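Enquirer: Structural data only, the sequence is not supplied:
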Ligand code: RB5
């Protein structure tokens, strides 16, 4: 799979650790910053924007985003149509985010989990298949909401 990875300043060391692991796999990894030795703070929505664009456009199969809690990245990247991001904090949520939600973006909190556990969650998330069935019709309902909101917003634009 092609996987885009990014973090803010709070997630930069964990991002490097995860990328070192991913580089040992057969996946193609695109690192969208920031460098582990960079100084100063950045804004997580800027990095969610990059990875969200890559996933929503289909240029990559999956995304991994890391900030302090995983929450800001998850809120931001879920604004993209077609993105199903999950903030994962244990083995169960890592598995369920794939099995039931077909999550295509994984959000991790560098200040809430240690590096090795985070890699364990990544492994589970990359190897768990979506279960389809009743879960597919729920995802279809999410797509319906996205389409309705998008047509509402287009209609508002046309009346400006
Ligand atoms: C940065 O201090 C922090 O707010 C950010 O990494 C993230 O946790 C936001 O959700």
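Expert: Great, that's in hand. Quick caveat, the model's predicted, so the values are computed rather than measured. Residues are numbered from 1 along each chain as shown.
Enquirer: Any idea what the spatially most central residue of the chain is bridged to?
Expert: When C-alpha atoms, centre = their mean is applied to the chain, the residue found nearest the centroid is residue 105 (2.4 Å). Note on residue 105: beta-bridge partners by DSSP bridges are residue 63, residue 85.
Enquirer: Output the below-cut-off pLDDT ranges for this structure.
Expert: Scanning the chain for pLDDT under 70 picks out nothing.
Enquirer: where exactly do the strands run in it?
Expert: Assigned strands in the chain, in chain order: 2-7, 28-31, 62-67, 85-87, 105-109 (criterion: DSSP state E).
Enquirer: As TSV, those with distance to the ligand would be great.
Expert: Every C-beta, even on glycine, is put in place using the N, C-alpha and C of the backbone. What follows is the strands of the chain, written out as TSV (distance: least, C-beta to the nearest ligand atom, whole Å):
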stretch	distance to the ligand
strand 2-7	8
strand 28-31	18
strand 62-67	3
strand 85-87	9
strand 105-109	7
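Enquirer: Ok, which of those strands comes nearest residue 45?
Expert: Relative to residue 45, the nearest member of these by C-beta to C-beta is strand 62-67, separated by 9.8 Å.
Enquirer: circling back to that earlier point, output the strands of the chain in CSV, with distance to residue 53 appended to each entry.
Expert: Output for those, formatted as CSV (distance: least, C-beta to C-beta, whole Å):
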stretch, distance to residue 53
strand 2-7, 9
strand 28-31, 12
strand 62-67, 10
strand 85-87, 13
strand 105-109, 12
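Enquirer: Out of the ones you listed, flag the one nearest residue 41.
Expert: Among the strands of the chain, strand 62-67 sits nearest to residue 41 (C-beta to C-beta), with 10.9 Å.
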